[in-house]
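K.L.:
sequence first, then the predicted structure:
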Amino acid sequence: MMERYYINTMGNDDDAYREAMQFACELVNNGMEVGTVILLARTKRTVGWLKRLYGDDVVKKLFTGVKFENCLPTFLIQTVRSYTNFTATSDIVIAMGLDDGDLMKLDDYDEVKAIISIPWLRENVQRWVSTWSPTEIRTNQQAERFPSPEPVVQIALRELTSNINLSTGIHHGHDNDRAKMYIRALNKYSTLDGNTVMAFLVRELGWDSDHANDVKKLIDTLNAGKYFQGGQRTGLKNYYKRWQKKVGN
């Protein structure tokens, strides 16, 4: 199971990078089976924190891999473009100034053992923090997470999950129509929040973040007073009543 951590900071907090790297060392030295700590940057140029800590020469070496004294793993700088699920190999990832979208993608990487997020702006990682309730390194406290949806919504989302191909999400025709019908019914007879639903799908039901975000977009569309094409529009109350009956079972 992936472990998730963050530092509740923002801006040019150089100490946060030193602390995150030391924390990664401790995770491995204490038994996490990881060979590489990835220092994940937006681009090759966005590594100023590391340059201030270690100087240009060390940073140049970090692009090919560096081992530090009394620390088992190799540290390696990668960018969001070069680091993919296909290149990950039992890594700890220190996300340097990345936002929710980047972090959510990392959540889907099978070989990542731990994520340590250091935000540039706190609000840019709040959805990820509230979804996963990671441990804050400096205080050892878990962040508050999004609440679970109300029971009838959970029933419907579990049913949807069992009736679609999770490997493709709601991209295919029948699965897309089914999802739209479920969201229409829940939106009409209940209260839906896109972030809460997305968090529940990825955290509790095992959805990939991209596929869960497709459902969130449907909810956000209806909550904005707009409409989408496709999906059943009639008999929605019958579906909702069926889900309500299951709540008490």
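P.N.:
Sure thing, it's come through. Numbering: from 1, shown residues only.

K.L.:
where along this protein do the helices fall?
P.N.:
Taking DSSP state H as the test, the helices found in the chain are 14-29, 48-62, 100-107, 126-132, 151-162, 173-189, 194-204, 209-223, 236-247.

K.L.:
columns distance to residue 92 and mean neighbour count on top of the ones you listed, output as TSV?
P.N.:
C-beta here means a position set from N, CA and C on the backbone, and glycine is covered the same way. As requested, those are exported to TSV (distance: least, C-beta to C-beta, whole Å; neighbours: other C-beta atoms under 10 Å):
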stretch	distance to residue 92	mean neighbour count
helix 14-29	5	18
helix 48-62	15	15
helix 100-107	11	20
helix 126-132	16	22
helix 151-162	30	18
helix 173-189	35	19
helix 194-204	20	21
helix 209-223	19	19
helix 236-247	40	15
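
K.L.:
now those helices in TSV, with mean pLDDT and distance to residue 88?
P.N.:
Below are these laid out as TSV (pLDDT from 0 to 100; distance: least, C-beta to C-beta, whole Å):
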stretch	mean pLDDT	distance to residue 88
helix 14-29	96	15
helix 48-62	94	18
helix 100-107	94	9
helix 126-132	96	18
helix 151-162	97	25
helix 173-189	95	28
helix 194-204	96	18
helix 209-223	96	15
helix 236-247	94	38
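
K.L.:
which one of those helices lies closest to residue 86?
P.N.:
helix 100-107 (12.7 Å; C-beta to C-beta).

K.L.:
restricting to C-alpha, output that closest one in CSV.
P.N.:
C-alpha atoms of helix 100-107 as CSV (Å, rounded to 0.1, in the frame of the first residue of the first chain):
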residue,chain,number,x,y,z
ASP,A,100,-3.2,18.2,-7.4
GLY,A,101,-3.2,17.0,-11.0
ASP,A,102,0.4,15.7,-10.9
LEU,A,103,-0.1,14.1,-7.5
MET,A,104,-3.3,12.4,-8.5
LYS,A,105,-1.4,10.8,-11.5
LEU,A,106,1.3,9.6,-9.1
ASP,A,107,-1.4,7.9,-7.0
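
K.L.:
tell me how far the residue nearest to residue 76 when sequence neighbours are not counted lies from residue 192.
P.N.:
Once flanking residues are discounted, residue 76 sits nearest to residue 65: 4.8 Å by C-beta to C-beta, 6 or more residues apart in numbering. Counting by C-beta to C-beta, to the nearest Å, the gap from residue 65 to residue 192 is 46 Å.

K.L.:
who has more neighbours out of these two?
P.N.:
The neighbour comparison of residue 65 against residue 192 (other C-beta atoms under 10 Å) goes to residue 192, with 21 against 12.

K.L.:
follow-up on the earlier one: make JSON lines from the helices of the chain and add distance to residue 4 to it.
P.N.:
JSON lines is the format used below for the helices of the chain (distance: least, C-beta to C-beta, whole Å):
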{"stretch": "helix 14-29", "distance to residue 4": "12"}
{"stretch": "helix 48-62", "distance to residue 4": "20"}
{"stretch": "helix 100-107", "distance to residue 4": "8"}
{"stretch": "helix 126-132", "distance to residue 4": "5"}
{"stretch": "helix 151-162", "distance to residue 4": "22"}
{"stretch": "helix 173-189", "distance to residue 4": "27"}
{"stretch": "helix 194-204", "distance to residue 4": "11"}
{"stretch": "helix 209-223", "distance to residue 4": "13"}
{"stretch": "helix 236-247", "distance to residue 4": "30"}
